[in-house]
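In: sequence below, structure please.
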Amino acid sequence: FTLNDGKALTVGGTVNGGALVSITDTGLLTTSVKISGTAISLTADNLALGGVVTDGGGGTVNLLARTTGTINQTGTLIAGTLSGGAGGTVVFGGPGNQIGTIGPFNGTGMQLNDGGPLTVVNTVNGGTGTVALNSGGLLAINGTVTAAVAQLSGTAISIAGLLTAGNAGTVTLSASNGSINETGSLIAGTLSGSAAASVSLLGASTTANAIATLGSFTAAAGSIALNDGVPLTVTGPLSGASGVAIADVGSLSIGGGVTSASGAIVLSATGAGGISINGGSIVATGETVSVAAAKLAFASGGTVTADTFEFGPGVSGGTVTLGGAGLGTGGITASTIRIGKVNGTVVAGGIVIAGYDNGSRPLELDATGAVTETGALTNITTLTGTAGSYALSNPGNTIGQLGGGTLSTTGGGGLTVANNQALTLAGVVSAGIGGTIDISTAAGGGFSVTQAAGATLTAGVLTSAGKLSGNVVLQGTSNAIGTISGLTAS
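Out: Coordinates of the predicted model:
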């Protein structure tokens, strides 16, 4: 069935075109009944679709409103593949719509309600308007969706293509019953959303996404993971039930709340600006907060709350400066501080102690190279870690215990500790059978060094270049010491 018409047309009777229905009209084309065909093409200045338009679910429907025209659909649209465009707004608001695939389609804004799974192929372009795609099943963006504002919802969302609102636009994602999984590219001035399960916005690469601001986002029964290729500000609140991971190629500013009830929070930024907790709060009660950045700054009352806090350089192999102009832990509430190891991996090439107070907590220092001092290391209850060597020779150090877990060097590196209080050796303290352990305590302090029978001390040479001001009691039944030299107790 083919019809060309030169004025406004109302289709008031059923049209069954079999293989093809093609209606081209000048003016407003209005339908209030059923139009069916394997391939349907409706073209007019404006389209008002109030009846049923169906290709049976396996064909094609092409709808076109010329120049500044609009498409307004309030009936039922059933299409295997929907394509077309309009110069003005496009609304597919019918409650019974069943559209399998859409694209290409353009308009100045688009609203589409679909009762089942929907796949976007080619390009859906909303121009300067809003594209709102609402699917009753999986919403899959395999092509491109572009608009000033993009609002996507489905039982679950998959983005393998490009979703863009430009650098200043907004994107909202909502998965009512499943996850959001993005492996393509997502560009937004502001991104927000929610998922019943997990949110994975990792992109095709670490730089494929360009998100300037991350607003409110929730993963109710899963985790949130994001890779971003531009500087990012988190206004939040951001909540991942089983964890949150943000990796940014640039600087990262946390201005809102980031929480996880039962998983780690992992933040990394490779830019020189590092990470700023700027009035925000990061809360992983009973869990670990891991941060990798060139620097970490706290401003406007920003805080971190966790069982364990760990910090490493933004680039693997870099050096961490602890204290001084480097990392300070004034805004951190945590039972244990770990420096140099992030998310289970040693990433620090070296650690420099520039004068650091650990607040009477355990401290773990891990590096592939040397741990050195330019200032004292104070208020350490227990010191553990693994490094190429430890040169902690500042006489102002106040360390209660070495080991308790393991304090060891690799490759025969030395372990030197000067201390201004009594020192206990527990667990494993080792420089290997070829390394030197040098322990001294401040003169005149009467500070002893003691080791219980269950502890182990391993060294090629045990010495005390700075001498010991108290007793030395080494009772470890598994000690392995090659040579004792220059060990003087007063």
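
In: may I ask you to confirm that Gly302 is in contact with Gly256?
Out: No: at 10.4 Å, Gly302 and Gly256 do not qualify as touching, with contact defined as C-beta atoms under 8 Å. Bear in mind the C-beta positions are built from the backbone N, C-alpha and C, glycine included.

In: overlap of the contact sets of those two?
Out: Gly280 (C-beta atoms under 8 Å, 6 or more residues apart in numbering).

In: for the residue nearest to Ser135 when sequence neighbours are not counted, which residues are in contact?
Out: Nearest non-adjacent residue to Ser135, counting by C-beta to C-beta, 6 or more residues apart in numbering: Gly154, 3.7 Å away. If a contact means C-beta under 8 Å, 6+ apart, then Gly154 has 117-118, 133-139, 174-176 as its contacts.

In: any chance you could read off phi and psi for Gly154?
Out: Backbone geometry at Gly154, expressed as degrees, to the nearest 10, gives phi -170, psi 180.

In: ditto for Ala294
Out: Listed backbone geometry of Ala294 is phi -60, psi -30, with angles given as degrees, to the nearest 10.

In: isn't it right up against Leu252?
Out: No: using C-beta under 8 Å, Ala294 and Leu252 do not qualify as a contacting pair, with a distance of 10.9 Å.

In: now do the shared contacts for these two.
Out: 269, 271, 274.

In: sorry, back to before: compare Ala294 and Leu252 (neighbour count), which wins?
Out: Leu252 (28 against 18; other C-beta atoms under 10 Å).

In: from Leu226, how far out is that one?
Out: Leu252 sits 10 Å away from Leu226 when distances are taken as C-beta to C-beta, to the nearest Å.

In: point out where the stretch 201-350 of the chain drops to low pLDDT.
Out: Low-confidence segments of the stretch 201-350 of the chain (pLDDT under 70): none present.

In: thinking again about what came up before, farthest pair within the contacts of Gly154?
Out: The largest separation in these, counting by C-beta to C-beta, is between Pro117 and Ser174 at 15.6 Å.

In: could you find the closest non-adjacent residue to Gln151?
Out: The shortest distance from Gln151 to any residue other than its chain neighbours is 4.3 Å, reached at Ala132 (C-beta to C-beta, 6+ apart).

In: the one you found: which element?
Out: Under DSSP states H and E, the secondary-structure element containing Ala132 is strand 130-135.

In: give the pairing partners of that strand; include direction for each.
Out: Applying DSSP bridges, strand 130-135 is found paired with strand 110-114 (parallel), strand 149-154 (parallel).

In: next, the buried residues of it.
Out: For strand 130-135, the neighbour count (16 or more other C-beta atoms under 10 Å) marks 130-135 as buried.

In: next: stretch 145-160.
Out: The neighbour-count criterion (16+ other C-beta under 10 Å) identifies 145-159 as the buried residues of stretch 145-160.

In: just the buried ones among the contacts of Gly154, please.
Out: 117-118, 133-139, 174-175.

In: can you redo the strands paired with strand 130-135 as CSV with mean pLDDT?
Out: Converted to CSV, the strands paired with strand 130-135 look like this (pLDDT from 0 to 100):
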stretch, mean pLDDT
strand 110-114, 98
strand 149-154, 98
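
In: ok, which of those strands comes nearest Asn278?
Out: The closest approach between Asn278 and any of the strands paired with strand 130-135, judged by C-beta to C-beta, belongs to strand 149-154 at 26.7 Å.

In: picking up where we left off before, how far away is the residue nearest to Gln151 from Ala188?
Out: Shown here: Ala132 relative to Ala188, a distance of 15 Å by C-beta to C-beta.

In: tell me the pLDDT at the residue nearest to Gln151?
Out: Among the per-residue scores, Ala132 holds a pLDDT of 98.

In: ok, now which ones touch Leu47?
Out: Residues near Leu47 by C-beta under 8 Å, 6+ apart: 28-29, 63, 65, 69-73, 86.

In: in the longest strand belonging to the chain, which residues are buried?
Out: Assignment by DSSP state E gives strand 370-387 as the longest strand of the chain. Within strand 370-387, the residues that count as buried by 16+ other C-beta under 10 Å are 370-373, 375-387.

In: in the stretch 301-450 of the chain, what residue spans correspond to helices?
Out: Ranges of helices within the stretch 301-450 of the chain: none, based on DSSP state H, counting those that start in this stretch.

In: now the closest residue to Val428 other than its chain neighbours: how far from Ala334?
Out: Sequence neighbours aside, Thr406 is the residue nearest to Val428 in space, at 4.4 Å (criterion: C-beta to C-beta, 6+ apart). To Ala334, Thr406 is 20 Å away according to C-beta to C-beta.

In: can you check Ser430 too?
Out: With distances defined as C-beta to C-beta, the gap from Ser430 to Ala334 amounts to 26 Å.

In: now do the same contact list for the closest residue to Ser335 other than its chain neighbours.
Out: If you skip the residues right next to it in sequence, Ser335 has Asp307 as its closest partner in space, 5.4 Å away by C-beta to C-beta, 6+ apart. When contacts are counted by C-beta under 8 Å, 6+ apart, Asp307 is found next to 284-288, 334-336.

In: try Ser216
Out: If you count contacts by C-beta under 8 Å, 6+ apart, Ser216 has them with 192-194, 235-238.

In: if we can go back for a sec, send me the longest strand of the chain as CSV with only the CA atoms.
Out: As requested, C-alpha coordinates have been extracted for strand 370-387 and formatted as CSV (Å, rounded to 0.1, in the frame of the first residue of the first chain):
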residue,chain,number,x,y,z
ALA,A,370,64.5,1.8,50.2
VAL,A,371,62.7,3.2,53.2
THR,A,372,64.7,6.2,54.5
GLU,A,373,64.3,9.1,56.9
THR,A,374,64.8,12.8,56.9
GLY,A,375,62.7,13.2,60.1
ALA,A,376,61.6,11.1,63.0
LEU,A,377,59.0,8.3,62.9
THR,A,378,56.9,8.7,66.1
ASN,A,379,54.1,7.0,68.0
ILE,A,380,54.3,3.7,66.2
THR,A,381,52.9,0.8,68.2
THR,A,382,54.0,-1.9,65.7
LEU,A,383,56.1,-1.5,62.6
THR,A,384,55.8,-4.2,59.8
GLY,A,385,56.3,-4.4,56.1
THR,A,386,58.6,-5.5,53.4
ALA,A,387,61.1,-3.4,51.5
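
In: elements contacting that strand?
Out: Taking 3 or more C-beta pairs under 8 Å, 6 or more residues apart in numbering; DSSP states H and E as contact, the helices and strands that strand 370-387 lies on are strand 350-365, strand 389-392, strand 401-409.

In: contacts for the shortest one?
Out: I take that to be strand 389-392. The list of residues contacting strand 389-392 from outside it, by C-beta under 8 Å, 6+ apart, reads 353, 365, 369-373, 377, 399, 407, 409, 413-418.

In: buried subset of those residues?
Out: Among the contacts of strand 389-392, those classed as buried by neighbour count (16+ other C-beta under 10 Å) are 353, 365, 369-373, 377, 399, 407, 409, 413-418.
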